[in-house]
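In: Sequence and predicted structure, then a few things I'm wondering about:
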Amino acid sequence: MAGGLAALLDDVAAMAKMAAASADDVAAASARTSAKAVGVVVDDAAVTPQYVRGLEPTRELPIIWRIARGSLVNKLLIILPIALLLSWLAPWALTPILMLGGAFLCFEGAEKIWELVHPHGHGDENASAGDSADAPSAEQGADAEDTVVKGAVRTDLILSAEIMVISLNTVADQPFLMRTAVLIVVGIGLTALVYGAVGILVKMDDVGLAMSRRDSPASQRVGRGLVTAMPHVMTVISYVGMAAMLWVGGHIILEGTHELGAAVPYAWVHHLEEHLGHIPGIGGAVGWLGVTLCSMALGLVVGAAVLLVVQTLARLRGSRRTTA
C-alpha cells in the first residue's frame with residue numbers, strides 16, 4: 001500500500017513537472033510571438049482611440065470593452081480555428097498569406113505618410129481599414145454606438161488576423177497543442193494589452209482635468225500638463241504606429257522572399273547586418289538598426305506601389321461612375 005502510494009505520488013510529481021515545463025514553454029513561445037507582432041499591436045493601439053472621439057466620457061470605457069470583446073471573438077472563435085486548420089492542411093500557404101498581410105501593413109503605413117504630405121489627397125474610395133476610425137462617433141445614442149463598435153470590430157478583424165498569423169508562423173514547427181495554447185495566450189494577452197492601454201490613454205485627459213480642479217497647486221500643474229500633453233502623446237503614438245507598420249510589413253516580406261527561395265534582397269540585408277555587427281561594443285545594436293531601416297525602406301517601396309495601384313483603381317472607378 002505504502003509503495004503504491006509512493007509510486008502514485010511520484011507520478012503526480014512527474015506530471016506536475018511536465019505541466020510546469022509545458023507552461024514555461026508556452027509562456028516563452030508566447031513572449032516570442034508577441035514580440036513579432038509588435039508592429040500590428042502598436043497600430044491597433046494607435047487606431048482604436050479614434051473610435052471614441054466625440055463620445056460622452058462616461059461611454060468611452062464601455063465602448064472600448066465592447067470592441068475588446070469583439071476582438072477576442074475575432075481572434076479565438078474566427079481566426080484561430082481557420083489558422084490552425086490551415087497550418088494542418090496547407091502549411092505551405094502560411095508564408096504567402098503572411099506576405100500579403102505584410103503588404104497590407106506596408107500599404108497602411110505608406111498611405112498614412114501620403115496623407116501627411118497631402119492631407120486632402122485621398123477620397124472615400126481608397127480609405128484604408130484604419131480610416132474607418134472616422135466613423136460617426138460624435139453622434140450619440142445606442143444606434144450610433146453600435147455603428148462605431150461594428151466598424152471597429154471589422155477593422156480589428158484585419159489587424160487580429162495579422163497578429164495571429166504572425167504568431168502562428170513563429171511556432172509553426174511546434175506540436176499542434178503547443179500551437180493552440182500559444183495562440184490562445186497571445187490572443188488574450190495582446191487583446192488585454194492593447195485595449196487596456198487604449199482605456200488608459202483615452203481617460204488620461206479626464207484624469208488631468210479632474211486633477212486640475214483640485215486645491216493643490218502641484219495637482220493642478222500636473223493635471224494641466226496631462227491635458228496639454230495627451231494630444232501630443234496620441235500624435236507620437238500614431239507616428240510610431242506608422243513606422244512600426246512599415247518596419248514589420250517590410251521585414252515580413254523580406255523574410256518571406258527568403259523562405260520562398262529568392263536570394264535577394266534578404267542576402268544583401270543579412271550581409272549588411274554581419275558587417276555592422278563587427279563594430280566594437282555597439283555592433284549588435286547597430287546591426288539591428290540597419291536591418292530595421294532596410295525593412296522600413298522595403299516596406300515603404302512595397303506600400304507605395306500598392307497605394308499607387310489602389311489610387312489608380314479608385315480613379316478609374318470614379319471616372320466610370322462619372323461617365324455613366
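Out: Yes, it's here.

In: What average pLDDT does stretch 183-202 get?
Out: Mean per-residue pLDDT for stretch 183-202: 85.

In: As CSV, could you dump the C-alpha coordinates of that stretch?
Out: The C-alpha coordinates for stretch 183-202 follow below in CSV (Å, rounded to 0.1, in the frame of the first residue of the first chain):
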residue,chain,number,x,y,z
LEU,A,183,-2.2,31.3,-30.0
ILE,A,184,-4.8,31.4,-27.2
VAL,A,185,-2.3,33.0,-24.8
VAL,A,186,-1.2,35.5,-27.4
GLY,A,187,-4.8,36.4,-28.4
ILE,A,188,-5.9,37.0,-24.9
GLY,A,189,-2.7,38.7,-23.7
LEU,A,190,-2.4,41.1,-26.6
THR,A,191,-6.0,42.0,-26.6
ALA,A,192,-5.8,42.8,-22.9
LEU,A,193,-2.6,44.8,-23.5
VAL,A,194,-4.0,46.8,-26.5
TYR,A,195,-7.4,47.7,-25.1
GLY,A,196,-6.1,48.2,-21.5
ALA,A,197,-3.6,50.7,-22.9
VAL,A,198,-6.3,52.3,-25.0
GLY,A,199,-8.6,52.6,-22.0
ILE,A,200,-5.8,54.3,-20.0
LEU,A,201,-4.9,56.7,-22.9
VAL,A,202,-8.5,57.8,-23.6
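
In: Of all the residues in that stretch, which ones are buried?
Out: Buried residues in stretch 183-202, defined by neighbour count with 16 or more other CB atoms under 10 Å: 183, 185-187, 190-191, 194-195, 197-199, 201-202. Every residue, glycine included, has its C-beta placed from N, CA and C.

In: Stretch 210-227 now?
Out: Quick answer for stretch 210-227 (16+ other CB under 10 Å): Met211, Ser212, Val222, Gly223, Leu226, Val227.

In: Farthest-apart pair in those, please.
Out: Using CB to CB, the two most remote members of those are Val222 and Val227, lying 9.9 Å apart.

In: Now list whatever residues contact both of those two.
Out: In terms of CB atoms under 8 Å, 6 or more residues apart in numbering, Val222 and Val227 are both contacted by the residues Gly208.

In: how about Ala110, what does it touch?
Out: Leu246, Gly299, Leu300, Val302, Gly303, Ala304, Val306, Leu307.

In: Ok, Gly303 next?
Out: With contact set as CB under 8 Å, 6+ apart, Gly303 has these partners: Ala103, Leu105, Cys106, Phe107, Glu108, Gly109, Ala110, Glu111, Leu246, Gly249.

In: residue ranges for the helices of the stretch 101-250 of the chain, please.
Out: In the stretch 101-250 of the chain, the helices defined using DSSP state H, counting those that start in this stretch lie at 142-170, 176-212, 217-259.

In: and of those helices, who's closest to Ala93?
Out: helix 142-170 (10.3 Å).

In: Give me the mean pLDDT for the closest one.
Out: Averaged across helix 142-170, pLDDT comes to 78.

In: what angle sits between it and helix 176-212?
Out: Counting by axes from the mean of the first three to the mean of the last three CA atoms, to 10 degrees, helix 142-170 points 140 degrees away from the direction of helix 176-212.

In: before we move on, the earlier item: as CSV, the helices of the stretch 101-250 of the chain with distance to Leu316 would be great.
Out: Below are the helices of the stretch 101-250 of the chain laid out as CSV (distance: least, CB to CB, whole Å):
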stretch, distance to Leu316
helix 142-170, 24
helix 176-212, 36
helix 217-259, 26
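
In: for those, which one sits closest to Trp288?
Out: Closest approach to Trp288 among the helices of the stretch 101-250 of the chain is made by helix 217-259 (11.1 Å; CB to CB).

In: Next, the angle from the closest one to helix 142-170.
Out: Orientation check (the same axes, to 10 degrees): helix 217-259 against helix 142-170 gives 50 degrees.

In: So which other helices or strands are in contact with helix 217-259?
Out: Here helix 217-259 touches helix 38-47, helix 94-117, helix 176-212, helix 266-277, helix 283-323, going by 3 or more CB pairs under 8 Å, 6 or more residues apart in numbering; DSSP states H and E.
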